[in-house]
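What would the 3D arrangement of this be:
(chains A and B)
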There are 2 protein chains.
Amino acid sequence: MKSELIILKSAEILLKGTPVRRKFEAQLIRNIRAKLKSENISYTKINKTHSRFLIYTNETEKALNALKKVFGIVSLSPAIKIKTNLETIQSAALKFSKLTKNKSFAVRAKRVTKDFKQTSQEINETVGAYLQKQTKANVDLDNPDITINIELIGKTTYLFTKTTKGFGGLPVGTQGKIVCLMSGGMDSPVAAWMMLKRGCEIIPLHLRISKDEHQKFLKLVKQLQKFSAGHKIKPKVIAWKPKLEKLTKKLKSKNKLSWTCIFCKHQMLLEAEKLAEKQGAKAICIGSSLGQVASQTLDNIAVTHHGIEIPILTPLIGFNKDETEKLARELETYEIAAKGAGAAVCPFLPSKPRTAANLNKFKELKNQLK
Amino acid sequence: MKSELIILKSAEILLKGTPVRRKFEAQLIRNIRAKLKSENISYTKINKTHSRFLIYTNETEKALNALKKVFGIVSLSPAIKIKTNLETIQSAALKFSKLTKNKSFAVRAKRVTKDFKQTSQEINETVGAYLQKQTKANVDLDNPDITINIELIGKTTYLFTKTTKGFGGLPVGTQGKIVCLMSGGMDSPVAAWMMLKRGCEIIPLHLRISKDEHQKFLKLVKQLQKFSAGHKIKPKVIAWKPKLEKLTKKLKSKNKLSWTCIFCKHQMLLEAEKLAEKQGAKAICIGSSLGQVASQTLDNIAVTHHGIEIPILTPLIGFNKDETEKLARELETYEIAAKGAGAAVCPFLPSKPRTAANLNKFKELKNQLK
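Next comes the predicted model:
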């Protein structure tokens, strides 16, 4: 007995007021359709019932793998749909679960609508006793090999034994646009992914210094696109080497090469701000994690962010390095970013980059460089 | 056989260059001493050897529980110290592990210095065979009941079977000061905690509207203090009700009450900025999570942050609600924040708060209110 549909559940969307919830749910369905189409997964229909989305498809594995990358979904369960009738439920549970003597099991019933006469606990006991009699399998409520979930909604009952976790969040396209500064490294794609997760359309901006990093950036964008179904990510690239050459020349003439990284980062943020204005994006996102490297001190952040008028969002500012890396592995950007990471030292890196920049000195120097 | 010391390991600190690493390690030791003192835990000495801190104490359980709240530490293992000698290791492993026939086990040796003649793998095999012979217990390398860790450092060997995880991060006091806007709610203490985790000294600022929320704020600060050993958190409170009364009166006269939350949040940030300047803090931290509530849209963030000159760090901007709650449970602020959360609706909340504020309209209105 094979699953005939996938039950998707969302969490945060359900907490919204009615008009916002409807808008977000419509966006979620559009994104689900776009995802299935982009991966050539056939389905017959998508329904909504009692906060559940039902995707009718026979390509279960492919669909699970694709849909878990759609934000707004917290769980995905391949299921069958049967009549709400105790005997039907019992025999379907037996066949669908493929329960045998050497497996332990638990039954977890849930009356989504309360019109069925038995309580959830009574259904658990009745179905459990039936399955035990038929298979001689043992009940294990704490750590069962197989969990048989039964959800009763009016005259229809859904039955499933497996649940894949989604990333939750909000459907991409519900929260507006954001410019994401992105190198070819580990952190910035994770930061961009977190903003996608919170429903933003992202515009990745790469300041090109080398061909290798540029290529990695493009691969990272391709991976992020998998989480942005329905919203094509259009990366932007600016040739940065000539600008950095100019900058370092000026700084060298003032004997202030130690300020290179500070000015470079500040100018990157100015470029991001310009792009945001052009594209109607309301904020910039960066991958900084406080204290992770010497350039990401509070002093340096205060200086590099100075004068940028739109918000600079910092989703990783409180992350440890291993927390970012763990997430990077999960979203499969780790391998791309890690490749040749040691070689990617910026050719303009001064011998002693400033770690505790002073804001007044920065303003003064900025004036002198004009 | 009881443990006589606790081995603490750090992770990120080890990646720093020598002068920074030394500074951070010294801060970590100061924070460890302060933590032990504040909880009246007796210890005889603290040593450092090969990237490990050794705390000699007999109050193992109390010390573990206290020290896992000190940032900069990733793991804590109660251990014994013996001579690097195969027979000594074998008999100590037997006694310390309390291994018996009905438990499975694994031996994991690590030569921190490479001067011992046998390789780690050979030690595993020799000690494993000895323990098996003595106890008849089974080896299980994948999922053992007891893992016997043996770390060989020169003539000394450390033996431990249990490891508690720390939160990692950087020692508080290494990254400067930050003003944290804090209500009595779920998110802002988690955000403040993340900045503590990254080594900041925090200055929590509460804008007082009600006695209940103020009390919750103070309890939350008390809980955060447990993670800030060596750095006394000094919360600041500003009477906010009179200011809000004035604000709403002005807005009402212009028929613009829907802007109340926008102006309130903006003025809170201005207060935080003022306090930061006074206290030498370089940034503000807030608990916003994009799209979590209607007031935290990109549009509203762009408007409320406008004109604030110091960085506003947003550690939770990419978090889902359940991710924040999970963390709140871990750091034991959940219960405090959740208490009476439903009742804590602001008395000044307008009937239709603005969710997509326009920056130009905001600037115009701000001028009119002057």
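
How about the contacts made by A:Phe319?
A:289, B:194 (CB atoms under 8 Å, 6 or more residues apart in numbering or on different chains). All C-beta atoms are positioned from the backbone trio N, CA, C, and that covers glycine.

Check what pLDDT it gets.
A:Phe319 carries a pLDDT value of 98.

Find the centremost residue of chain A, please.
Residue closest to the average C-alpha location in chain A (CA atoms, centre = their mean): A:Lys197, at 4.0 Å.

and the longest strand belonging to chain A, which residues are buried?
Secondary structure of chain A per DSSP state E: the longest strand is strand A:73-83. By neighbour count, with 16 or more other CB atoms under 10 Å in any protein chain shown as the criterion, the buried positions of strand A:73-83 are A:73-82.

do stretch A:269-283 as well
A:269, A:271-273, A:275-276, A:281-283.

what's the average pLDDT for the longest strand of chain A?
Across strand A:73-83, the average pLDDT comes to 97.

Tell me the helix or strand right after it.
Toward the C-terminus, strand A:73-83 is succeeded by helix A:86-97 as the next helix or strand (DSSP states H and E).

who does the following helix or strand past that next one pair up with?
Following helix A:86-97 in sequence order, the next helix or strand is strand A:104-111 (DSSP H and E). Here the strand partners of strand A:104-111, with direction, are listed using DSSP bridges: strand A:138-139 (parallel), strand A:146-153 (parallel).

returning to what we had before: so which of the buried residues of stretch A:269-283 are also by chain B?
A:282-283 (CB under 8 Å from any CB of the partner chain).

Tell me which two of the buried residues of stretch A:269-283 sit farthest apart.
Taking CB to CB, the two most distant members of these are A:Glu271 and A:Lys282; they sit 16.5 Å apart.

what residue ranges in the stretch 201-350 of chain A score low on pLDDT?
For the stretch 201-350 of chain A, the stretches flagged by pLDDT under 70 are A:342-344.

if I look at A:His50, how far off is A:Glu151?
Counting by CB to CB, to the nearest Å, the gap between A:His50 and A:Glu151 amounts to 9 Å.

So if I had to pick from these two, which one is more boxed in?
Set side by side, A:His50 and A:Glu151 give different neighbour counts by other CB atoms under 10 Å in any protein chain shown, the larger being at A:Glu151 (21 against 9).

Would you mind confirming that that one is in contact with A:Thr163?
No: taking CB atoms under 8 Å as the definition, A:Glu151 is not a contact partner of A:Thr163, at 11.7 Å.

Now do the host helix or strand of A:Ile123: distance to the chain's middle.
Here A:Ile123, judged by DSSP H and E, is contained in helix A:120-135. For helix A:120-135, the distance between its averaged C-alpha position and the chain's averaged C-alpha position is 39 Å (CA atoms, centre = their mean, to the nearest Å).

Kindly report the same for stretch A:268-282.
Using CA atoms, centre = their mean, the offset of stretch A:268-282 from its chain centre is 23 Å.

you'd agree A:Lys339 is up against A:Leu220?
No: look at A:Lys339 against A:Leu220 with CB under 8 Å: they stay out of range, at 10.8 Å.

For those two, indicate the residue with more neighbours.
When A:Lys339 is set against A:Leu220 and neighbours are counted by other CB under 10 Å, the residue ahead is A:Leu220, at 27 against 14.

need the contact list for the closest residue to the more buried one other than its chain neighbours.
When the adjacent residues along the chain are set aside, A:Leu220 lies closest to A:Pro189, with 4.5 Å between them (CB to CB, 6 or more residues apart in numbering or on different chains). Counting by CB under 8 Å, 6+ apart, A:Pro189 makes contact with A:182, A:220, A:223-224, A:287, A:328, A:331, A:333, A:336-337.

separation between the residue of chain A positioned farthest from its centre and A:Asn300?
For chain A, the C-alpha lying farthest from the average C-alpha position belongs to A:Ser253; by CA atoms, centre = their mean, that distance is 45.4 Å. Between A:Ser253 and A:Asn300 the distance, using CB to CB, works out to 23 Å.

per-residue confidence at whichever residue of the stretch 151-300 of chain A sits closest to chain B?
Residue nearest to chain B within the stretch 151-300 of chain A (CB to the nearest CB): A:Met194, separated by 2.8 Å. For A:Met194, the model assigns a pLDDT of 98.

wait, it sits on A:Pro315?
Yes: under the criterion of CB under 8 Å, A:Met194 makes contact with A:Pro315 at 4.2 Å.

For the helix holding A:Ile123, name the packing helices and strands.
On a contact count with 3 or more CB pairs under 8 Å, 6 or more residues apart in numbering or on different chains; DSSP states H and E, helix A:120-135 meets helix A:86-97, strand A:104-111, strand A:138-139, strand A:146-153.

now do 6 Å
Here helix A:120-135 is seen to pack against helix A:86-97, strand A:104-111 when contacts are counted using 3 or more CB pairs under 6 Å, 6 or more residues apart in numbering or on different chains; DSSP states H and E.

Residues touching the shortest one, excluding its own?
By CB atoms under 6 Å, 6 or more residues apart in numbering or on different chains, the residues outside strand A:104-111 that reach it are A:99, A:120, A:123-124, A:127-128, A:137-138, A:140-141, A:144-152.

Ok, stretch A:151-167 next?
By CB under 6 Å, 6+ apart, the list of residues contacting stretch A:151-167 from outside reads A:50, A:64, A:68, A:73-77, A:79-82, A:84, A:89, A:92, A:96-97, A:110-113, A:116, A:146, A:148-150, A:197.
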